[in-house]
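Novice: The amino acid sequence is not available; the structure is as follows:
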DNA sequence: AGATGATCAGTAATCGTTCCTGTTCGCGAG
DNA sequence: CTCGCGAACAGGAACGATTACTGATCATCT
Ligand SMILES: [Mn+2]
Ligand SMILES: [Mn+2]
Ligand SMILES: [Zn+2]
Ligand SMILES: [Zn+2]
């Protein structure tokens, strides 16, 4: 487990000045296990299975530093708590409006979109993200 | 004021079965006056100036039905309360990370993006919105 | 006038998230 | 090794946006 921790992640911790504590490791492991896009609460429940003493606030704090150093990414949908993603490459995630499942949409590129936004506004554009919602195949089948 | 109310809006109310009450009119007027992308709280404060008895909950309810019948649109940014927009045509809005100002980004089209999303996922895509953040010229100048 | 259903005001409750306080941890200097 | 110090933590309170509830009002129909 601890041995499997990516060199890159350790390096990012070193350079940021944050310490890679056992709680933060546990949050990372939970994100890996959950193999998806868990909420803070989801991560909290997984982490608590192995260490019942962790506090929810600690999970939020850990997710915050992990995001800050670029190891994970937070994604927001309007009708759901924030979801966290180990996949920090540019990609889209779609969320099912009925069951809440989030999954990745491969192969869609939108760098040109961001470029045309920059060209069309006097603002300094910091981020342009695409929020996608729909119905997963299972929920769509049910009606 | 009341005379200026769009024929289209009255028609949408008629067809939906909802009634166009004075409170809902006031919410619409506030949205027009605020000439921007106000939050529910913003709308509430404007409405209260003319009718101090309106309740915040009523404003939320009114915004809900106005959105439901397609007269306004709700837009979401992760670090801000929901903003409401009288402009229901397809367009982008950018929000300043420092001062919170929201303004429109004209001339950017992204229908093809939605198409390529549909082609790339087994989900039934309901909505694909672009969330744009940055720094307005004033805030960017300050540093 | 009386009944009915929608809407409303006022307020309590909810939920995700952040903040706060006292405690523990890890590490470097002595 | 022990002390001191700052970072991180557990636990729980507080927060802000939104929703839910409850009893009054209002418009409309009979
Ligand atoms: Mn993803
Ligand atoms: Mn707009
Ligand atoms: Zn589903
Ligand atoms: Zn600004």
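Specialist: Cool, got the structure. Please read all numbers here as calculations on a predicted model, not as lab measurements. Ligands and ions are numbered 1, 2, ... in the order given.
Novice: Any regions of chain A where pLDDT drops low?
Specialist: Where chain A drops to pLDDT under 70, the residues are A:1-3.
Novice: Show me what the host helix or strand of residue A:119 is in contact with.
Specialist: Assigned by DSSP states H and E, residue A:119 falls within helix A:111-120. Residues outside helix A:111-120 that contact it (CB atoms under 8 Å, 6 or more residues apart in numbering or on different chains): A:90, A:125, A:128, A:130, B:92, B:94, B:105-108, B:110, B:113, B:130, B:132. Where you see a C-beta, it was placed from the backbone N, CA and C, and this is true even at glycine.
Novice: and the residues you listed, which of them are in strands?
Specialist: Judged by DSSP state E, the contacts of helix A:111-120 include A:125, A:128, A:130, B:92, B:94, B:105, B:130, B:132 as members of strands.
Novice: what residues are up against the second one?
Specialist: Residue A:128 makes contact with A:110, A:113-114, A:117, B:130-133, according to CB under 8 Å, 6+ apart.
Novice: again with the last one
Specialist: If a contact means CB under 8 Å, 6+ apart, then residue B:132 has A:117, A:121, A:125, A:127-128, B:92-95, B:105 as its contacts.
Novice: ok, the nearest residue to residue A:9 once chain neighbours are set aside - contacts?
Specialist: Once flanking residues are discounted, residue A:9 sits nearest to residue A:71: 5.4 Å by CB to CB, 6 or more residues apart in numbering or on different chains. By CB under 8 Å, 6+ apart, the contact set of residue A:71 is A:9, A:12, A:28, A:86, A:88.
Novice: Closest to residue A:139 out of these?
Specialist: residue A:86 (24.8 Å; CB to CB).
Novice: Setting aside sequence neighbours, what's the nearest residue to the closest one?
Specialist: residue A:31 is the one closest to residue A:86 (CB to CB, 6+ apart), at 5.1 Å.
Novice: The one you found and ligand 3, how far apart?
Specialist: Here residue A:31 is placed at a distance of 21 Å from ligand 3 (CB to the ion, to the nearest Å).
Novice: how far away is that residue from chain B?
Specialist: 19 Å (CB to the nearest CB, to the nearest Å).
Novice: And for residue A:82?
Specialist: 7 Å.
Novice: which SS state does the closest residue to that residue other than its chain neighbours fall under?
Specialist: If the residues on either side of it in the chain are set aside, residue A:82 comes closest to residue A:74, at 5.2 Å by CB to CB, 6+ apart. The local conformation at residue A:74, judged by DSSP: H, G, I helix; E, B strand; the rest coil, is strand.
Novice: Next, the contact list for residue A:74, please.
Specialist: A:63, A:67, A:82-85, B:78.
Novice: 7 Å - rerun?
Specialist: Residue A:74 is in contact with A:67, A:82, A:84, counting by CB atoms under 7 Å, 6 or more residues apart in numbering or on different chains.
Novice: Beta-bridge partners for it, please?
Specialist: Beta-bridge pairing for residue A:74 (DSSP bridges): residue A:84.
Novice: before we move on, the earlier item: report the buried members of the contacts of residue A:74.
Specialist: A:67, A:84 (16 or more other CB atoms under 10 Å in any protein chain shown).
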